[in-house]
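Student: below are the sequence and a predicted model for it; my questions follow.
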Amino acid sequence: MSLPGLPADELLAQLRAVLTAATPYLLALSVLGVAAWAWWTIRRAALVREALADRVQVEVIPTATFDPGEGEVGRWARQLGRVHYAADGVPARGSAVRLKYTAVDGKMRCYIEGPAAAAAILNMPGFAEVEVRSQHSQADIRPVRFQGSGGMP
């Protein structure tokens, strides 16, 4: 039995013609895809660099009677987990929270560092017997002025 007379030969010939005609377009589409991927990678790296350059640090100072329960620790962990969502638009590498422990003159100090976009969450006390001290003062806060019509400056 001979198969050359079947329509499969015609189908393969048509498929070859379509692929031959579409090759330049597929090549251009793949070049555009690679260019878009490279742009997105460079953009994400720039966002991470910017976020890592603009971070805030708060000091966490416990009282002498500080003894958190399991529920308080879990609540504080969830609070720190919200930092990534508060720093919307920042890739995960740039929105990470860092806990730093140091010892100065025999006293242990704990610092929490995170993206500036999530400073409000970092400044929230996580435990009842813990004071949170921000590393910036009130003098660093500048008022917002809007330009617009209606008698506003």
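Tutor: Here it is on my side, so go on.
Student: assumed residue 47 was part of a strand.
Tutor: No - using DSSP: H, G, I helix; E, B strand; the rest coil, the secondary structure at residue 47 is helix, not a strand.
Student: which residues touch it?
Tutor: 89, 90, 91, 94 (Cβ atoms under 8 Å, 6 or more residues apart in numbering). All C-beta spots, glycine's among them, are computed from the backbone N, C-alpha and C.
Student: check residue 54 too.
Tutor: By Cβ under 8 Å, 6+ apart, the contact list for residue 54 reads 115, 116.
Student: just the pLDDT for it.
Tutor: According to the prediction, residue 54 has pLDDT 83.
Student: state the mean pLDDT of the host helix or strand of residue 108.
Tutor: Residue 108 belongs to strand 107-115 when assigned by DSSP states H and E. For strand 107-115, mean pLDDT is 85.
Student: tell me how far residue 100 lies from residue 112.
Tutor: Per Cβ to Cβ, to the nearest Å, residue 100 is found 8 Å from residue 112.
Student: neighbour-wise, which of those two wins?
Tutor: A count of neighbours by other Cβ atoms under 10 Å puts residue 112 above the other of residue 100 and residue 112, at 20 against 11.
Student: what's across from that one in the sheet?
Tutor: residue 58, residue 99 (DSSP bridges).
Student: touching, it and residue 76? I think so.
Tutor: No - counting by Cβ atoms under 8 Å, residue 112 sits too far from residue 76 to count as a contact (10.2 Å).
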